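Asker: Here is my input; please provide its structure:
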Amino acid sequence: MGFEHEDDAQRLLTDLRQRLAEFGLSLHPDKTRLVEFGPHAARNRAARGLGKPETFDFLGFTHICGKTRTGRFGLRRFTISKRMRAKLREVKTELLKRRHLPVPEQGRWLASVVRGHLAYYAVPGNSPAANTFRRQVIRHWSRALRRRSQRTRLTWERMNRLAKRWLPPVRITHPWPSVRFDARTRGRSPVR
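Answerer: Residues are numbered from 1 along each chain as shown. Next comes the predicted model:
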């Protein structure tokens, strides 16, 4: 939840703890904390002699206080690196199991994996992480295909053709809310 004033946040946290205690529940101490975040966080922390605003992980993204090109506050969201590494490990082990299947069957399966990843993580500002995920999937796929035979003829030129044929390109699928609203009210496509 976001609050403009710290005392409102403190009050809600106290009330929430009391309410949960009535039912014998409690908030996890490592997962519940107040974080100074937003347009004024960097300036306020600098005035107190502290460093950059804290980041936090939520719903698969690391949230960071950033700036837009014009210098205004901008929310930055990046895929949590630990989650991406774990997913890439899963893809790698599954590819090793499926490496002797026909290439079209592998391509269809990998396309669904990449599409699923992009359906969640393709948000504005996260294209570098989404591109990295797709690139690493291609790298794991090429290694799995090269392990099918000791006399492989798989070049990167052919691998790139396979990737272009089967894997979807990275596109931002979740534009900012203002862009979605403009699309509904002015008839433009929300994805550019």
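Asker: Mind listing residues that contact the helix or strand containing R43?
Answerer: For R43, the host element (DSSP states H and E) is helix 41-47. Contacts to helix 41-47, defined as C-beta atoms under 8 Å, 6 or more residues apart in numbering, come from residues 36, 51-53, 65. Backbone N, C-alpha and C define where each C-beta goes, glycine included.
Asker: Check stretch 10-17 too.
Answerer: Residues from elsewhere that reach stretch 10-17 (C-beta under 8 Å, 6+ apart): 1, 3, 26-27, 32, 34.
Asker: out of the residues you listed, which one sits closest to E94?
Answerer: T32 (35.3 Å; C-beta to C-beta).
Asker: Spatially nearest residue to the closest one (excluding sequence neighbours)?
Answerer: Distance criterion C-beta to C-beta, 6 or more residues apart in numbering; nearest residue to T32, sequence neighbours excluded, is L13 at 7.5 Å.
Asker: Burial check on the one you found, number of neighbours?
Answerer: A count of nearby residues for L13, using other C-beta atoms under 10 Å, gives 16.
Asker: What average pLDDT does the helix or strand that contains it get?
Answerer: Taking DSSP H and E as the definition, one finds L13 inside helix 6-22. Taken as a whole, helix 6-22 has an average pLDDT of 89.
Asker: got it, and stretch 157-164?
Answerer: 95.
Asker: Stretch 177-191 now?
Answerer: 61.
Asker: All further residue positions should be reported with the first residue as 88.
Answerer: That works, and once the first residue is 88, the last one we named lands at stretch 264-278.
Asker: List the backbone torsions phi and psi for T166.
Answerer: Backbone geometry at T166, expressed as degrees, to the nearest 10, gives phi -60, psi 140.
Asker: Pretty sure it sits against F148.
Answerer: Yes - between T166 and F148 there is a contact at 6.5 Å, judged by C-beta atoms under 8 Å.
Asker: Can you work out which residues contact both of these two?
Answerer: 208, 213.
Asker: so what pLDDT did the residue positioned nearest the centre of the chain get?
Answerer: Residue closest to the mean C-alpha point of the chain, counted by C-alpha atoms, centre = their mean, is T166 at 2.9 Å. You'll see T166 listed with a pLDDT of 94.
Asker: for the residue lying closest to it once chain neighbours are set aside, what are its contacts?
Answerer: Leaving aside its sequence neighbours, T166 sits nearest to A216 (C-beta to C-beta, 6+ apart; 4.1 Å). The neighbourhood of A216, defined by C-beta under 8 Å, 6+ apart, consists of 165-166, 171, 208.
Asker: Could you rerun that using 10 Å?
Answerer: The neighbours of A216, taking C-beta atoms under 10 Å, 6 or more residues apart in numbering as the test, are 148-149, 164-168, 171, 204, 208-210, 257.
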